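Visitor: Based on what follows, work out the 3D shape:
(one chain, ligands or ions: 1)
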Amino acid sequence: MATDIPTFATTQLSLLTTELRAELAETHLLTATHAPTVLQRAGLALLNLTLSSQRTGFGGKTLLELSLDSAVGGGELPEHGLRTGDIVAVAEQPKGAERKREREGMEKRGAQGVVTRVQREAVTIALDKDDAEGPGGNDKLWLVKLANDVTHKRLSQTMTRLQKMQSSEYSTLTLVLFGQSSPTPVSEEELSASMEWNDSSLNDSQQDAIRFALASREVALIWGPPGTGKTHTLIELILQLVNRGQRVLVCGPSNISVDNIVERLSSHKVPMVRLGHPARLLPGVLNHSLDVLTKTSDAAAIVTDIRTEMDAKQSSIRKTRNGRERRVIYGELRDLRKEYRDREDRVVTDLLRSSKVVLSTLHGAGGYHLKNEKFDVVIVDEASQALEAQCWISVLASGAPKLVLAGDHLQLPPTIKSLNSKKTKASQKADKSVTDEVAADVADMPLQQCDPSNGTLETTLFDRLLALHGNSIRRMLTTQYRMHEAIMTFPSQTLYESKLIAAEAVKARLLKDLPYTVRDTDDTREPVVFWDTQGGDFGEKTEDDAESGAKGRSSLLAESKVNEHEAAIVRLHVGRLIEAGVKPEDIAVVTPYNGQLALLSQLLKDKFPGLELGSIDGFQGREKEAVVVSLVRSNVEHEVGFLGEKRRLNVAMTRPKRHLCVIGDSETVGRGSKFLKSWMEFLEEHADLRYPDLSELQGDG
Ligand SMILES: Nc1ncnc2c1ncn2[C@@H]1O[C@H](COP(=O)(O)OP(=O)(O)OP(=O)(O)O)[C@@H](O)[C@H]1O
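Guide: Numbering: from 1, shown residues only. Purely as a prediction, here's the structure:
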């Protein structure tokens, strides 16, 4: 059914505003009402930091590297949810009685910046203001994640543009994306045309997807289930497009998703440029960065010449006492600066023009660099992780008549705060106290009742197009190169139409076959193990947040659950794998609950250095030889909370290569949903079943 474009855009605008409010409310509420330690546990803050180095980064920004204070033992940072690109405030850590007052002022007083690098032992922040001083070297510091309204502004500008567009301005692509035109059918002839592949290893489903994307006129979806080589396929598609003389804009929701493509494309000698702040790019990608190229390419020499001249003039001002002479030099400097900017603009434009492939985040595509650029195709990787409005930034900026989306709508969509936050009085209060500028911005926007038929934020463009045009616009990649066949079977049958095939090289790989010595044990020869904790001895607990009490808590903290006995099984199982010779670095433990994650970290981090622990959501896109999943939920009410989301379970169960160990209460979990029921049944029938013995667990120190 066709969608009315202005109505759709209006709905999106109001949903985005609600989302911004929820995000601001949550951050404000949390930072205002919770102790720093609680914020740290929720993954929103890091405490006890010191400044380990300070330097000037690209664009003259001050970079602060923060690591754990040696007074608290230094070493690895605790688990946290900070990611490159997050906006944070850094300030002196509040002490004792000052705490509450200090926290409330954090956003105003602390220096603000962007996280540019996250390492095990340090986080690097680029301060926002060029001349920002930042904290002193001796201070004990903490940092807190802030709401990001910069992102919001660009999203709402894009949707406003779509809302105000005259119908005569709609491109055929836009009409197809809203179901007002049908996609041009692709002929069999085009699909079977002979091709010269750059990559001879492509499997049939990958080749089909590329042929289809090349032949499609307006839109093509490449559906890539876990481990099926989505990015691999996109690289070949990009090369094929460039060979056909087409100009391509390639985007992804995160810097890492884009860098991943730049890295793989760079061995192919395609003229390409990566937009984006160099401080946020992977080091290996920098020599394709527009900012860096502007300073280092041949053309950049003419810019550098002027820079030298300007520097000379500047120092001559300092030497001159004569007012008239000074004025003359100032005048010359002004002209030089203008000339400098003009030349730099030309260098940038030339670099962009000569690039057949331009890569940026979806957000970055909305910057001024692409204002006058035209592309033939826009490709979005990890499209099911992007908000629809984000995709529109790249569609409108590219002016391209054709869109290719790659993704998997059965893994987790982007996180939407406004869906989760039940408004409490406290959060409404926090809502009102948002900074004036943002508040004014929010107040300007229409907020009305949304008709769900006009879309929700959670519905990604990928989802919506599948619903709109069905399978005729998609091709699925079906050979997966990650999981043992037994690990793949359940997700394949229940989510991927039984179409997944395990590649020869991976289908029978077990831990005992790892390329280093691993003993053959009951655990290392099993691809799927299920520790069933049913029986009522493994009850969950709701995380006791003593400091703030239950009332003012945000959904994030309120939902936190722990299951101590399950944690003990995790320790037992991980211990056995390591004892058999599996390296801790090859094992990950994931769980849906932050509370459980904190408990597991306490229990396992020191005991098994190198072991990776994380939330399921944070592990999307990753893989490990062995993955242990602690499901946590175990209660007489059979409540499963957000385990009910099958896309989250899908992510959890499709991370391992050789060994999946699930720990959960089949009685509680099995009643959570149809999907959970069939998963529990599958595990009971096909996994190596274990029933834990409490006394044994308690004995295990
Ligand atoms: N045709 C192929 N032949 C052999 N190996 C392949 C092929 N296609 C992909 N792979 C391998 O499969 C793995 C996953 O590929 P890639 O990273 O491109 O997948 P992806 O779909 O982007 O990842 P994810 O599943 O995390 O989304 C890589 O190790 C890649 O080398």
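Visitor: what about stretch 397-408, start to end distance?
Guide: Criterion CA to CA, to the nearest Å; first-to-last residue distance in stretch 397-408 is 24 Å.
Visitor: Would you mark the buried spots in that stretch?
Guide: 397-408 (16 or more other CB atoms under 10 Å). Heads up, the C-betas are built off the backbone N, CA and C, glycines and all.
Visitor: and the strand or helix carrying Leu333, what does it pack onto?
Guide: In this structure, Leu333 sits in helix 323-353 according to DSSP states H and E. Under the contact criterion of 3 or more CB pairs under 8 Å, 6 or more residues apart in numbering; DSSP states H and E, helix 323-353 touches helix 290-296, helix 301-319.
Visitor: so what's Met488 up against?
Guide: Residues in contact with Met488 (CB atoms under 8 Å, 6 or more residues apart in numbering) are 480, 500, 502, 654.
Visitor: what does Leu477 give?
Guide: 205-206, 209, 222-225, 228-230, 233.
Visitor: Can you pull the phi/psi pair for Phe530?
Guide: Per-residue torsions, Phe530: phi -130, psi 120 (degrees, to the nearest 10).
Visitor: do Trp531 as well
Guide: Torsion angles, degrees, to the nearest 10, at Trp531: phi -90, psi 110.
Visitor: In the chain, what residue lies closest to the ligand?
Guide: Of the residues in the chain, the one nearest the ligand is Gly229, at a distance of 2.7 Å by CB to the nearest ligand atom.
Visitor: So which elements touch the longest strand along the chain?
Guide: When the chain is scanned for its longest strand (criterion: DSSP state E), the result is strand 45-56. Secondary-structure packing of strand 45-56 (3+ CB pairs under 8 Å, 6+ apart): helix 36-41, strand 62-68, strand 122-127, strand 141-145.
Visitor: try 7 Å this time
Guide: helix 36-41, strand 62-68, strand 141-145 (3 or more CB pairs under 7 Å, 6 or more residues apart in numbering; DSSP states H and E).
Visitor: Show me what counts as buried in it.
Guide: Buried residues in strand 45-56 (16+ other CB under 10 Å): 45-52.
Visitor: Next up, the contacts around the residue of the chain closest to the ligand.
Guide: 206, 477, 481 (CB atoms under 7 Å, 6 or more residues apart in numbering).
Visitor: can you list the residues you listed in TSV and add secondary structure and pLDDT?
Guide: TSV is the format used below for the contacts of Gly229 (DSSP: H, G, I helix; E, B strand; the rest coil; pLDDT from 0 to 100):
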residue	secondary structure	pLDDT
Gln206	helix	98
Leu477	coil	98
Tyr481	coil	98
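Visitor: and those near the ligand, which?
Guide: 206, 481 (CB under 6 Å from any ligand atom).
Visitor: Partner strands of the host helix or strand of Val358 and their direction?
Guide: Taking DSSP H and E as the definition, Val358 sits inside strand 357-361. Pairing partners of strand 357-361, with direction, according to DSSP bridges: strand 248-252 (parallel), strand 272-274 (parallel).
Visitor: JSON lines for these, including mean pLDDT, distance to Leu146 and mean neighbour count?
Guide: Formatted as JSON lines, those follow (pLDDT from 0 to 100; distance: least, CB to CB, whole Å; neighbours: other CB atoms under 10 Å):
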{"stretch": "strand 248-252", "mean pLDDT": "97", "distance to Leu146": "23", "mean neighbour count": "28"}
{"stretch": "strand 272-274", "mean pLDDT": "94", "distance to Leu146": "26", "mean neighbour count": "25"}
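Visitor: possible to save these as a markdown table with distance to the ligand?
Guide: Output for those, formatted as a markdown table (distance: least, CB to the nearest ligand atom, whole Å):
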| stretch | distance to the ligand |
| --- | --- |
| strand 248-252 | 11 |
| strand 272-274 | 18 |
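Visitor: and the stretch 201-350 of the chain, which residues reach the ligand?
Guide: Residues of the stretch 201-350 of the chain that fall close to the ligand, judged by CB under 6 Å from any ligand atom: 201-203, 206, 224, 226-232.
Visitor: should've said the chain
Guide: Within the chain, the residues that sit near the ligand (CB under 6 Å from any ligand atom) are 201-203, 206, 224, 226-232, 481, 621.
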